[in-house]
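Fold the following and give me the result.
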Amino acid sequence: MVLAQSMLDKQVMTARVRLAAVFMLASVIGMAGGCAEIKVAQSEQLIQKGDALLEQSDLQSALAEFEAASQLTPQLAVAHSRKGVVYRRMGDYEQAIDSFAEAVRLEPNSFFDTVNLAQLYHFTNRMFDAIEAYLHACDLKPDDFDANLNLGVCYQQVDDPVQAVERFQKAIAIDPDRMHAYVNLGVAYDRLGKYYEAIDAYKKALERDSHQPHVMVNLAQTYMNQERFKIAKKALEQAIVMDPSLAVSHEAMGLCLFRMREYDAAYDAYQKALSINPRMSKALTGLGCLEMFRAIDNVPNARRELAMEYWHRSLELDSDQPIVRRLIEKYKPATKAPDAVLLGDAGSGD
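Numbering: from 1, shown residues only. Next comes the predicted model:
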């Protein structure tokens, strides 16, 4: 009996030790949980202080508060988001991208952070990253006009007009009164060679705001793609009346008149464009084509070398013009063959 009692006492003691260990572990877990909650509360106070400084445009001080919050609780998405806002306002776009990307990683359903990340990728010409981020934003808010419009613009910039059309149409379905969606839709249709659809889109844009010379120029260029030069000329005349100082209207008029074989008027239009913008490479290219065409047609006083001069000046302003390079190669003067070299000298006495 004494042995049995001794064993029972040992079992009771072991149970008490285990129970004490459980209570201790629970206490540690509770303290850890309490510490985490305290840190989050402290971080939220830092963020509130940073927000107040941000309202006062004290960006450096605001950033210090948000940085402290993100260091204290790295898993708190809002701290990284606020850092992204400050970096963006500072113009430090790479740091802003890193901050918003971390915020999105921690909180994938945040539309604000996702769309800011998309815009920064777009602004820094990281188009495919921008497309991915805008797609995510559109998944989060399918009826957001700007996200769909900007996604379409990205598709346009990576030369995918089919996807661009789909997104612009989606944006128009969300808000049919926003002019810019129709303008972009017109550009996408024009790239696809769907000229009647492009014209319809430009006209709808002008119905929403008739005083848009750039849109009128786009409309005229689509008419020229259809070789409807007379109606294109009328559209360009309207664009010039709207804003006589817009160089692109005069350059487009030069092209239209050139295609109509009104050479003198085309020359004047190109020169007018250059008087407004001396660095307009397209106007110089047009003058070169005009001068070369006149020379080929044997028009009096036309000069091939002047055409070459215009084209070279155009390339100096914009080197990415393969068509101009091909024109120079095609029409450059033939290289004169070297004189024959005579071996020996007939006049020598040797």
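
if you go through the stretch 1-150 of the chain in chain order, where are the helices?
For the stretch 1-150 of the chain, the helices defined by DSSP state H, counting those that start in this stretch cover 2-55, 59-72, 77-90, 93-106, 111-123, 127-140, 145-157.

pLDDT of the first one, averaged?
Helix 2-55 carries an average pLDDT of 60.

Same check on the fifth one?
The average of the pLDDT scores along helix 111-123 is 98.

Repeat that for the last one.
Summarised as a single mean, pLDDT over helix 145-157 is 98.

Show me what that helix is packed against.
helix 111-123, helix 127-140, helix 161-174, helix 179-191 (3 or more C-beta pairs under 8 Å, 6 or more residues apart in numbering; DSSP states H and E). No exception for glycine: its C-beta is placed from N, CA and C like everyone else's.

same question, the fourth one
Here helix 93-106 touches helix 77-90, helix 111-123, going by 3+ C-beta pairs under 8 Å, 6+ apart.

Now do it: everything it contacts.
For helix 93-106, the external contacting residues (C-beta atoms under 8 Å, 6 or more residues apart in numbering) are 75-78, 80-81, 83-85, 87-88, 110, 113-114, 116-117, 120-121, 123-124, 136.

Make TSV from the helices of the stretch 1-150 of the chain and add distance to M216 and mean neighbour count to it.
Conversion of the helices of the stretch 1-150 of the chain to TSV gives the following (distance: least, C-beta to C-beta, whole Å; neighbours: other C-beta atoms under 10 Å):
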stretch	distance to M216	mean neighbour count
helix 2-55	42	12
helix 59-72	42	19
helix 77-90	35	22
helix 93-106	34	20
helix 111-123	27	22
helix 127-140	29	20
helix 145-157	20	23
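
out of these, which comes closest to A173?
helix 145-157 (8.9 Å; C-beta to C-beta).

got the CA coordinates for the closest one in CSV?
Only the C-alpha atoms of helix 145-157 are listed here, as CSV (Å, rounded to 0.1, in the frame of the first residue of the first chain):
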residue,chain,number,x,y,z
PHE,A,145,-14.5,53.6,-65.9
ASP,A,146,-10.9,54.8,-65.5
ALA,A,147,-9.4,51.3,-64.9
ASN,A,148,-11.1,50.0,-68.1
LEU,A,149,-10.1,53.1,-70.1
ASN,A,150,-6.5,53.0,-68.9
LEU,A,151,-6.2,49.3,-69.6
GLY,A,152,-7.4,49.9,-73.1
VAL,A,153,-4.7,52.6,-73.5
CYS,A,154,-2.1,50.1,-72.4
TYR,A,155,-3.3,47.6,-74.9
GLN,A,156,-3.1,50.4,-77.5
GLN,A,157,0.5,51.1,-76.6
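
Please enumerate residues in contact with it?
So helix 145-157 is contacted by 115, 118-119, 122, 127, 130-131, 134-135, 137-138, 141, 161, 163-168, 170-171, 174-175, 178, 180-181, 184, 187-188, 191 (C-beta under 8 Å, 6+ apart).

Is M224 in contact with G254, as I believe?
No - using C-beta atoms under 8 Å, M224 is not in contact with G254, being 11.7 Å away.

residue nearest the centroid of this protein?
What sits nearest the mean C-alpha location of the chain, by C-alpha atoms, centre = their mean, is H122, with 4.6 Å.

give the contact list for the residue nearest to that one when sequence neighbours are not counted.
Using C-beta to C-beta, 6 or more residues apart in numbering and skipping residues adjacent in sequence, the residue nearest H122 is A130, 4.1 Å away. A130 sits next to A118, Q119, Y121, H122, N150, C154 when contact means C-beta under 8 Å, 6+ apart.

Nearest to E207 among the residues you listed?
N150 (23.2 Å).

how close does the closest residue to N109 other than its chain neighbours get to S249?
Spatial nearest neighbour of N109, excluding adjacent residues (C-beta to C-beta, 6+ apart): L140 at 6.4 Å. Note on L140: its distance to S249, by C-beta to C-beta, to the nearest Å, is 41 Å.

what's the answer for L315, then?
24 Å.

In what element of secondary structure is T285 found?
Applying DSSP states H and E as the criterion places T285 in helix 281-296.
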